[in-house]
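In: Please work out how this folds:
(one chain, ligands or ions: 1)
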Amino acid sequence: MNLMDQKFAELKAAGRTALIPFLTVGDPDLDTTVELIIQMEAAGADVLELGVPYSDPLADGPVIQRASERALTSSVTIGTCIDIAQKARQRGVKIPFVLFTYFNPVLQIGLEDFFQQLAAHDISGLIIPDLPIEESAQVLELADTAGISLVPLVAPTSNERISRILTNARGFIYCVSSLGVTGERSSFHEGVEQFINDVKSRTDLPVAVGFGISNREQVERFSSICDGVVVGSAIVRKIEDTIPLLTDSERREEGLLQIREFVAQLKV
Ligand SMILES: O=P(O)(O)OC[C@@H](O)[C@@H](O)c1c[nH]c2ccccc12
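Out: Residues are numbered from 1 along each chain as shown. Take a look at the predicted model:
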């Protein structure tokens, strides 16, 4: 049982739903990312998705694409992201981290080295959105050996693949609320609650939902049926809008407080 498993067990015992923010490491810069991680925890985040910026984020909408572009100007790599996680731990951050990366950056450093680095830096979970279940056997074996939970994405269109995905799932199940790419939404896939409840009926693992969730009302809606709610683009947009403050030494603290307050109002 790793830190993330423990966190979900604690929340379940308390009847609470995990708030799982996503941010892109290095956006707008690496030092600010460490400060933002500290603010996310202070705001009530229970698990944190640390996104590895990538040049071809095919599943991401424009907000996260822009965040990746900004981060890539600082030459952020997977190794940088893992170092940032360690820096946050050194600053006293206790919440579990889920590394979010496309598969190509993992292949570039090699699977064995990648999992050794993850395990050495207290990363609890891993999401690779473009690793299909059919090609995940070796990654799953290495993740299990390293004690890292390989978290699968399940979409309303997964249908007959859902059973195989759930059989190989670790950590939690990430239910994608809508088809398409990431980005704030005012509505979700028709029958999304039924889809989530169907997944819940078929697994003992915690079930979280993400994609499009951008305000407290939507978090409340999904918190009533899920063990976790992921919010990415809305937070990444808030970071983007606050960059002028975050990068001004005179107004940095004001900017960090605005991000903390934005995330805190999502906590139910
Ligand atoms: O941004 P949204 O719509 O709030 O969705 C969460 C999402 O950002 C995060 O989980 C994520 C970022 N990039 C992804 C790519 C695929 C699946 C999920 C993701």
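
In: check contacts around the residue of the stretch 151-268 of the chain found nearest the ligand.
Out: Minimum separation of the stretch 151-268 of the chain from the ligand (CB to the nearest ligand atom) falls at G232, amounting to 2.1 Å. Glycine gets a C-beta too; all of them are placed from N, C-alpha and C. Contacts for G232 (CB atoms under 8 Å, 6 or more residues apart in numbering) come out as P21, F22, L23, E49, G51, I64, T182, G210.

In: Is it possible to get TSV of these that adds secondary structure, distance to E41 and pLDDT?
Out: Converted to TSV, the contacts of G232 look like this (DSSP: H, G, I helix; E, B strand; the rest coil; distance: CB to CB, whole Å; pLDDT from 0 to 100):
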residue	secondary structure	distance to E41	pLDDT
P21	strand	10	98
F22	strand	14	98
L23	strand	12	98
E49	strand	13	98
G51	strand	17	98
I64	helix	21	98
T182	coil	22	95
G210	strand	19	97
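
In: Turn these into a markdown table, including distance to A146 and neighbour count.
Out: Formatted as a markdown table, these follow (distance: CB to CB, whole Å; neighbours: other CB atoms under 10 Å):
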| residue | distance to A146 | neighbour count |
| --- | --- | --- |
| P21 | 24 | 29 |
| F22 | 22 | 23 |
| L23 | 23 | 26 |
| E49 | 18 | 23 |
| G51 | 20 | 28 |
| I64 | 27 | 26 |
| T182 | 27 | 25 |
| G210 | 24 | 24 |
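
In: before we move on, back to that, what pLDDT does the residue of the stretch 151-268 of the chain closest to the ligand get?
Out: The model reports G232 with a pLDDT of 98.

In: And for I109?
Out: 93.

In: Output the below-cut-off pLDDT ranges for the protein.
Out: By pLDDT under 70, the chain has no low-scoring segment.

In: residues touching the residue nearest the centre of it, list them.
Out: What sits nearest the mean C-alpha location of the chain, by CA atoms, centre = their mean, is E49, with 2.6 Å. Each residue near E49 by CB under 8 Å, 6+ apart is listed here: I20, P21, F22, L23, V98, F100, I127, V230, G232.
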